[in-house]
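A.B. asks: A structural model of the following input is requested.
(chains A and B)
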Amino acid sequence: MEALFAITLGIMTASGVYLLLRARIFPVVMGLTLISYAVNLFIFSMGRLATGVPAVIGKSAEYGDPLPQALVLTAIVIGFAMTAFVVVLALRSIGELRTDHVDGEEPRK
Amino acid sequence: MALALIIALPFLGIFLPLLLERFGRSACAFGAGLAPLTALILLLTKRADVFAGQTEIIHYEWLPQLGLNLSLRLDGLGFLFALLILGIGLLVILYARYYLSKKDPMGRFFGFFLLFMGAMLGVVLSENLLLMLMFWELTSLSSFLLIGYWNHRADARQGARMALAITGGGGLALLAGILLIGHIVGSFELTTVLASGDLIRANSLYPLTLILVLLGVFTKSAQFPFHFWLPQAMAAPTPVSAFLHSATMVKAGVFLLARLYPALAESEWWFYMVSVTGLATLLLGAVMALFQHDLKGLLAYSTISHLGLITLLFGLDSRLAAVAAIFHIINHATFKASLFMAAGIIDHETGTRDMRRINGMWKYMPHTAALAMVASLAMAGVPLLNGFLSKEMFFAETLDQHLLGSFYWTIPAAATLAGAFSVAYSLRFVHDVFFNGEPIDLPKYPPHEPARYMKIPVEILVLLCLLVGMLPAFTVGPLLAAAVSGTLNGNVPEYSLSIWHGFNLPLAMSFAALIGGILIYSLRKWAFRWYEGLPTVDSLEVFERVMGGLTLAARHVTCLLENGSLQRYIALMLLSTLVLVVFALTPLETLHGPVALTPLDGITVLGMAILALTSLLTVLFHRRRLTALIVLSVVGLMVALGFARYSAPDLALTQLSVEVVTIILLILALFFMPDRTPAESSSLRAFRDFVLAGGSGTMVALLAYTVLTRPYDSIASYFLENSVSGGGGKNVVNVILVDFRGFDTLGEIAVLAIAGVGIYALLKGLRLPHPVRDYGGRPWSVDRHPMVLDALARALLPMALLISAFIFLRGHNLPGGGFIAGLITAVALSLQYIAHGVSWAQARQPISYHALCGAGLLIAGLTGLGSWAFGYAFLTSSFGYFHLPLVGEFELATAMVFDLGVYLVVVGATLLILSNIGQVSQDDSNREVL
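C.D. replies: Here you go, the predicted model:
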């Protein structure tokens, strides 16, 4: 299963990176979102993948690693704030520069 | 203290000429001379101690961690150089008073001059090598200013730039060399360095150190192949040449050879590099000097040749040769400074420096001619003049080495040849300028003797040439002895300073050189014809071309890397990251670790497959933005399910609610953007991105797989054991967030609040056009707020808030908590915006979201401070169990108050962001996005 998980992470990252390299802001933001999913899953998996062992005392005999979970929880929320900031920056640049190209100007023909 | 003052005085004195300039040129020159004169008197008071062989060292700490200290050293060598700098400097100041014309800004000239003088004194009197290097660089900078003094002239600017580039570049090499010396010895203080010669020579870094130091020396002292900057620097005013290019600046290089002699010399490396460079420079300079038509050009090449002679002497690597080198430094400074001054006088009075036009000056200025002739005879090494003495010592030393095996005779032979050429160019200087018929077409005619005081510095120097030449032991003897002792660390060899050593080989070489020189000069017509046949190389042009090429190459590289395309930057960053990961993973012998794989089950496979597929579909549909966004939201939901599957209920809840607000956010943003992405990537770019994406994905997969199949040890057990007893909560993730790592969380919600406020600021005043039609030209629906949603949203709000309160309250012991509850509240409130519109919702909103954010941060911060009131560390939590009738047993913890702060910030920031984007519409009267 670890192999399948790793491959899935790889596909998510690859998709995210490809979108990150596009020239328009919206695909870039979608790429960033995909990458942050992958990164969150990656950090989370550093506490190893196991089913039925939530880190709640008394619920099970063993517990998963709560530390990566706590890290990822705040990362998810901060990730939202970051995405929002990028999006708003993009809106502002569309308002000022009248283009959604990442370089702030339409490519020369 | 007096020692520090000697260096400081010229720097302090910079202001005097600038202030006194308005009172006339004499006052200005007087002001300039005051500080060096005081410094010279101070220096001379130290004479007795120095001649007695004492070394005075003063030490102030500056940056001892770096080994950089304000420590100064006065020994014989430093004394000799300081004397030359101050003595000749004073003479040059007097000379410059008459040389500079009324149009030249004299205050500025003397300001630069004193700056240079102070820097030069710093070089020769530093005990700390790093401190010396700082002064060394300062001499390069101030000489740039002095050479470029006539900044309206292109040749002055180019010459200055060339000198700075060459000597500055050498300075960098020297810095590296000195750092290596410090690395080997462990100190930058000269006393330690000079005593560690054996240590340095035994180190494997010795050759590199030596090469770097010698690069600094050779560039500064204009040694072949770095000699070409010196003739170009002749564009400087002649007083500058007399000072910098005879006595001081170019001598800084050979000074360093002398200074570091005990530390670096006495090795094969030293001998071959220093002596061969010196020999090549000696010959090249002597030959080239003969063919110059420019008066100062002749002197410049002659200086190069004499510097080569001094370098060669140091390279011969015997202590007697070092004595001869130091003696020649003194002699060369005196006769060359006086020759430069004489050349300046001739230039000043005739208006040209071309020796083909200046002829027969003997008739017009016999006094100057007599002085210049004596000085040039000293340069030629004629007996009874100082140049003869050191040249004799030089010839003797070339005979007294056996370093080239059976070809040892090449060095004395080359030395004699160079001597012959130096006789020839000295003869040319005398014959061409003062005799040889009548002057031709002079800009100023007829020339006459200069002002009386302009000749005084020349007279003094020429007198010194004569005195040293005839009575060496009584004049220069003690000074030379002290300087030699300082150079060789007290290890002074036997030598005799007398004019007559009997008939011996050196004397024969001197005569051979004299006769050879006369012969060469008499054959000058053929020699010049041969020289004209040589291909001409304009070093300035070559240099400018090389520099232009370098600038162009640098611009190309910059443009290549920094062409303004963010896509390229990201691609380059990704590429370097890839390379780093590959580099880091290479040492692993196998990717698969010892931990066995967990077996697959159907649900996992299905989930993973959907995750992978939807990711790929997002890319596939990315031109149709809305479709891609919907597919992307499926990815987010699958990630949430993944968290739930692998025992992270808190993460699943968070991801789920964040997913909702993220998609709302992106749909809002999409409203203002085109809903299609144009196909504009070239095939090549798409391929490049495909490779990069594939590479990144592969690396992440490999990295994850390698880690996951290896055993692991975590600090988790500490949190699991202490969660209930220390934090009073069973949900360890939540306890970590609000208790163990509460301070981190405080920082994170602060970031969230700042992002919210930042977005508010960015959107303030932004009005974007309201799109009317979609990509296909179809008009957007103008229906507002469908009724079903309206009714549902109203009913949902209290329920959602109730759930959010429930999730919040149970968060300490079961999955939930402030983050998740806050997001659920934010989703419920956003729904009201979507269902009813911004103005409707805004009108019913009790408090502003800014206030909510602020209040949340305040509550969280105050909870932390509260623990101070009870004498605990910041954010220490406390809890207790209480019993209420009807409700039963329940727990209260201060961490919950902190969590309330988190809750408020999350609600405030999320809605601040969403509601403000919803308001960005051009006509806000009746149309809203939400």
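A.B. asks: got the contact list for the residue minimising distance to the centre of chain B?
C.D. replies: Centroid-nearest residue in chain B, with C-alpha atoms, centre = their mean: B:L172, separated by 9.5 Å. Applying C-beta atoms under 8 Å, 6 or more residues apart in numbering or on different chains to B:L172 gives no contacts. Where you see a C-beta, it was placed from the backbone N, CA and C, and this is true even at glycine.
A.B. asks: B:V897 and B:I859 touch, don't they?
C.D. replies: Yes: at 6.5 Å, B:V897 and B:I859 qualify as touching, with contact defined as C-beta atoms under 8 Å.
A.B. asks: of the two, who's got more company?
C.D. replies: B:I859 (19 against 16; other C-beta atoms under 10 Å in any protein chain shown).
A.B. asks: a helix runs through the more buried one, doesn't it?
C.D. replies: Yes: assessed with DSSP: H, G, I helix; E, B strand; the rest coil, B:I859 lies in a helix.
A.B. asks: residues in contact with it?
C.D. replies: If you count contacts by C-beta under 8 Å, 6+ apart, then B:I859 has B:897-898, B:900-901, B:904 around it.
A.B. asks: same question, B:G880
C.D. replies: B:891-893.
A.B. asks: So which of these is surrounded by the most neighbours?
C.D. replies: That'd be B:A893 among these, by other C-beta under 10 Å, with 21 neighbours.
A.B. asks: helices and strands around the lowest-mean-pLDDT helix or strand in chain A, which ones?
C.D. replies: One helix or strand of chain A scores below all others by mean pLDDT, DSSP states H and E: helix A:66-97, with a mean of 91. With contacts taken as 3 or more C-beta pairs under 8 Å, 6 or more residues apart in numbering or on different chains; DSSP states H and E, helix A:66-97 sits against helix A:25-45, helix B:649-671, helix B:716-727, helix B:732-735, helix B:742-763, helix B:818-836, helix B:894-918.
A.B. asks: 10 Å - rerun?
C.D. replies: helix A:25-45, helix B:625-645, helix B:649-671, helix B:716-727, helix B:732-735, helix B:742-763, helix B:818-836, helix B:894-918 (3 or more C-beta pairs under 10 Å, 6 or more residues apart in numbering or on different chains; DSSP states H and E).
A.B. asks: what comes up buried for the fourth one?
C.D. replies: The reference is to helix B:716-727. For helix B:716-727, the neighbour count (16 or more other C-beta atoms under 10 Å in any protein chain shown) marks B:716, B:719-720, B:723, B:726-727 as buried.
A.B. asks: cool, and the second one?
C.D. replies: Neighbour-count burial for helix B:625-645, with 16+ other C-beta under 10 Å as criterion, is recorded at B:625, B:628-645.
A.B. asks: Just the C-alpha atoms of that helix, please, in PDB.
C.D. replies: These are the backbone C-alpha positions of helix B:625-645, laid out as PDB (Å, rounded to 0.1, in the frame of the first residue of the first chain):
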ATOM      1  CA  ARG B 625     -11.400  26.500 -15.600                       C
ATOM      2  CA  LEU B 626     -14.800  25.900 -14.000                       C
ATOM      3  CA  THR B 627     -14.700  22.200 -14.900                       C
ATOM      4  CA  ALA B 628     -11.100  21.900 -13.600                       C
ATOM      5  CA  LEU B 629     -12.100  23.600 -10.400                       C
ATOM      6  CA  ILE B 630     -14.900  21.100  -9.800                       C
ATOM      7  CA  VAL B 631     -12.600  18.200 -10.400                       C
ATOM      8  CA  LEU B 632     -10.100  19.800  -8.100                       C
ATOM      9  CA  SER B 633     -12.700  19.900  -5.300                       C
ATOM     10  CA  VAL B 634     -13.100  16.200  -5.700                       C
ATOM     11  CA  VAL B 635      -9.300  15.900  -5.100                       C
ATOM     12  CA  GLY B 636      -9.800  17.900  -1.900                       C
ATOM     13  CA  LEU B 637     -12.600  15.700  -0.700                       C
ATOM     14  CA  MET B 638     -10.600  12.600  -1.400                       C
ATOM     15  CA  VAL B 639      -7.800  14.000   0.600                       C
ATOM     16  CA  ALA B 640     -10.200  14.500   3.500                       C
ATOM     17  CA  LEU B 641     -11.400  10.900   3.200                       C
ATOM     18  CA  GLY B 642      -7.800   9.800   3.100                       C
ATOM     19  CA  PHE B 643      -7.100  11.600   6.400                       C
ATOM     20  CA  ALA B 644     -10.200   9.900   7.900                       C
ATOM     21  CA  ARG B 645      -9.100   6.500   6.600                       C
END
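A.B. asks: Averaged pLDDT, that helix. What do you get?
C.D. replies: Taken as a whole, helix B:625-645 carries a mean pLDDT of 94.
A.B. asks: starting at the chain centroid, how far to it?
C.D. replies: 49 Å (C-alpha atoms, centre = their mean, to the nearest Å).
A.B. asks: Deepest in the core, which of the helices and strands packed on helix A:66-97 is it.
C.D. replies: Among the helices and strands packed on helix A:66-97, helix B:732-735 has the highest mean neighbour count (mean count of other C-beta atoms under 10 Å in any protein chain shown), at a mean of 32.
A.B. asks: Which elements pack onto that helix?
C.D. replies: helix A:66-97, helix B:649-671, helix B:716-727, helix B:818-836, helix B:894-918.
A.B. asks: follow-up on the earlier one: for chain A, tell me which of the buried residues of helix B:625-645 show up nearby.
C.D. replies: Checking the buried residues of helix B:625-645 against chain A by C-beta under 10 Å from any C-beta of the partner chain, the ones in range are B:625, B:628-629, B:631-633, B:635-636, B:638-640, B:642-645.
A.B. asks: Just give me the closest of the residues you listed to B:I178.
C.D. replies: Taking C-beta to C-beta as the measure, B:I178 lies nearest B:V639 of these, at 57.2 Å.
A.B. asks: just checking, that closest one touches A:L41?
C.D. replies: Yes: assessed by C-beta atoms under 10 Å, B:V639 is found in contact with A:L41 at 6.3 Å.
A.B. asks: Look up how far chain B lies from the residue nearest to the spatial centre of chain A.
C.D. replies: Closest to where the C-alpha atoms of chain A average out (C-alpha atoms, centre = their mean) is A:S36, at 1.1 Å. Separation of A:S36 from chain B (C-beta to the nearest C-beta, to the nearest Å): 10 Å.
A.B. asks: and the spatially closest residue to that residue that is not a sequence neighbour, what does it touch?
C.D. replies: Excluding the flanking residues, the one nearest A:S36 by C-beta to C-beta, 6 or more residues apart in numbering or on different chains is A:G79, at 4.5 Å. Neighbour list for A:G79: A:32-33, A:35-37, A:39-40, A:72, B:658, B:662 [criterion: C-beta atoms under 10 Å, 6 or more residues apart in numbering or on different chains].
A.B. asks: Widest-spaced pair of these?
C.D. replies: Using C-beta to C-beta for every pair in the contacts of A:G79, the one that comes out farthest apart is A:L32 and A:V72, at 16.5 Å.
A.B. asks: still on that earlier bit, switch the buried residues of helix B:716-727 over to a markdown table; also include distance to chain A and pLDDT.
C.D. replies: Formatted as a markdown table, these follow (distance: C-beta to the nearest C-beta, whole Å; pLDDT from 0 to 100):
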| residue | distance to chain A | pLDDT |
| --- | --- | --- |
| B:A716 | 4 | 86 |
| B:F719 | 6 | 89 |
| B:L720 | 5 | 88 |
| B:S723 | 6 | 85 |
| B:G726 | 12 | 80 |
| B:G727 | 10 | 80 |
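A.B. asks: can I get those residues in CSV with distance to B:I211?
C.D. replies: Converted to CSV, the buried residues of helix B:716-727 look like this (distance: C-beta to C-beta, whole Å):
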residue, distance to B:I211
B:A716, 56
B:F719, 58
B:L720, 61
B:S723, 64
B:G726, 63
B:G727, 64
